[in-house]
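>>> pasting the structure only:
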Ligand code: KG4
Ligand code: ZN
């Protein structure tokens, strides 16, 4: 499944020109300050950036979803409403930046949950309008890729990015800050979702990814789960989840304590399978395209098994691997600021009637 990130909703040259002039007159102390907001899923985050450098990155996570075993969209948007003003205020205070110093506001427009996106987007647009500064809409998936440019070392173009989170699994060919092509993505569950759903089968709390990782470090992958054979560069994880479900059901029938007795080995086996699916596809893509610059981003980039395997395969294939700092792997406004910054430098701003979108690359 090949898809190109769509064209941005920007005006033409005149509007860009207007944007550039605007930034020049607003700059008070010779510095450019951006506020960024992220609210696409269940994290409310705000970041402040000065001249492309992150000054603060505040994240309010919503632990409330653990009791439901997954994210409840209605609850997520209500929590964003509670948190948004507080998080933005905290980010500005931490950065030591006044609202009056801001030169632009960047915000995630999608993909994500409609209610969650609406909270951040409405807040950002209202703030930009009231301050008379540009509003810059950001694609969340592009921002994950551009998180590699927050800190050194930074990848060289062209590079591959494996974006692995609770909502997405993509291999992206990144030719420049703006030219990105999705070469493959999941046909069903995302990698993080595969971890979380497998954890649910085992009775682990949500999100189960980090817990499976912890158990896996003390276990061995002795239970074989199938690796699906999917054509091209797409992924599939739903078969693995079903195989785990049937395996656990059969074993628990024989021994009701099977899970608690073998939790480490079960988790090691689940993790091994998910990591194999990811790394085999990435290796295939890298060989096909002759690319050795490889970035990993998204919450699942925290997984120790994935990091170990990539390091091992990377050594064999002579890859340069890039992992953003952990605070920029999971959903965060720092990466939105980074993506917004590249637009800001180009003088690009977005219209105030920009709408949130659930899926897609626009
Ligand atoms: O990027 P992220 O914070 O939010 C989304 O956009 O989804 O990713 C969250 C996902 C969850 O599915 C969580 O279980 C997974 O990342 N995750 C992990 C680990 N840490 C977070 N999965 C496996 N191992 C981890 N150490
Ligand atoms: Zn994300």
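Nice, thanks for sending it over. Everything numeric in this text was worked out from a predicted model, so none of it was measured. Ligands and ions are numbered 1, 2, ... in the order given.

>>> ok, now which ones touch residue 210?
Contacts for residue 210 (Cβ atoms under 8 Å, 6 or more residues apart in numbering) come out as residue 302. The C-beta positions use only the backbone N, C-alpha and C, and glycine is treated the same way.

>>> secondary structure element for it?
helix 209-216 (DSSP states H and E).

>>> and that helix, anywhere near ligand 1?
Yes. Residues of helix 209-216 contacting ligand 1 under Cβ under 6 Å from any ligand atom: 209, 210, 213.

>>> okay, and the beta partners of the spatially closest residue to residue 354 that is not a sequence neighbour?
Of all residues not flanking residue 354 in the chain, residue 137 sits nearest, at 4.6 Å (Cβ to Cβ, 6 or more residues apart in numbering). Per DSSP bridges, the residues bridged to residue 137 are residue 107.

>>> what's the burial count for residue 137?
Residue 137 is flanked by 29 other residues according to other Cβ atoms under 10 Å.

>>> wait, it touches residue 109, no?
Yes. The pair residue 137 / residue 109 is scored as a contact, 4.0 Å apart, by Cβ atoms under 8 Å.

>>> hey, where'd the strands end up in the chain?
Taking DSSP state E, the strands of the chain run over residues 3-4, 33-38, 43-50, 53-61, 104-110, 135-139, 159-164, 169-174, 180-185, 293-297, 320-322.

>>> for the ones you listed, which one sits closest to ligand 1?
When the strands of the chain are ranked by distance to ligand 1, counting by Cβ to the nearest ligand atom, first place goes to strand 43-50 at 6.7 Å.

>>> name the strands paired with that closest one and say parallel or antiparallel.
strand 33-38 (antiparallel), strand 53-61 (antiparallel).

>>> and the angle from that strand to strand 104-110?
Put simply, strand 43-50 runs at 150 degrees to strand 104-110, going by axes from the mean of the first three to the mean of the last three Cα atoms, to 10 degrees.

>>> strand 43-50 and ligand 1 in contact?
No. Judged by Cβ under 6 Å from any ligand atom, strand 43-50 stays clear of ligand 1, getting no closer than 6.7 Å.

>>> is ligand 1 within reach of stretch 176-192?
Yes. Against ligand 1, stretch 176-192 shows contacts by Cβ under 6 Å from any ligand atom at residue 192.

>>> any part of that stretch near ligand 2?
No. Stretch 176-192 stays clear of ligand 2 (Cβ under 5 Å from the ion), getting no nearer than 9.0 Å.

>>> buried stuff in that stretch?
Buried residues in stretch 176-192, counting neighbours by 16 or more other Cβ atoms under 10 Å, are found at 177, 178, 180, 182, 183, 184, 185, 186, 189, 190, 191, 192.

>>> do the same with stretch 248-260
By neighbour count with 16+ other Cβ under 10 Å, stretch 248-260 contains the buried residues 248, 251, 258, 259.

>>> list the contacts of the closest residue to the second one other than its chain neighbours.
The one in question is residue 251. Closest residue to residue 251 apart from its sequence neighbours, by Cβ to Cβ, 6+ apart: residue 258 at 4.3 Å. Neighbour list for residue 258: 248, 251, 252 [criterion: Cβ under 8 Å, 6+ apart].

>>> for the residue nearest to residue 73 when sequence neighbours are not counted, what are phi and psi?
Of all residues not flanking residue 73 in the chain, residue 113 sits nearest, at 4.7 Å (Cβ to Cβ, 6+ apart). Phi and psi for residue 113, reported as degrees, to the nearest 10, are phi -80, psi 130.

>>> find the centremost residue of the chain, please.
Central residue of the chain (Cα atoms, centre = their mean): residue 298, 4.0 Å from the mean position.

>>> residue 65 versus that one, what's the distance?
Distance from residue 298 to residue 65, counting by Cβ to Cβ, to the nearest Å: 18 Å.

>>> correct me, but residue 191 touches residue 279?
No. Residue 191 lies out of contact with residue 279 (Cβ under 8 Å); the separation is 11.1 Å.
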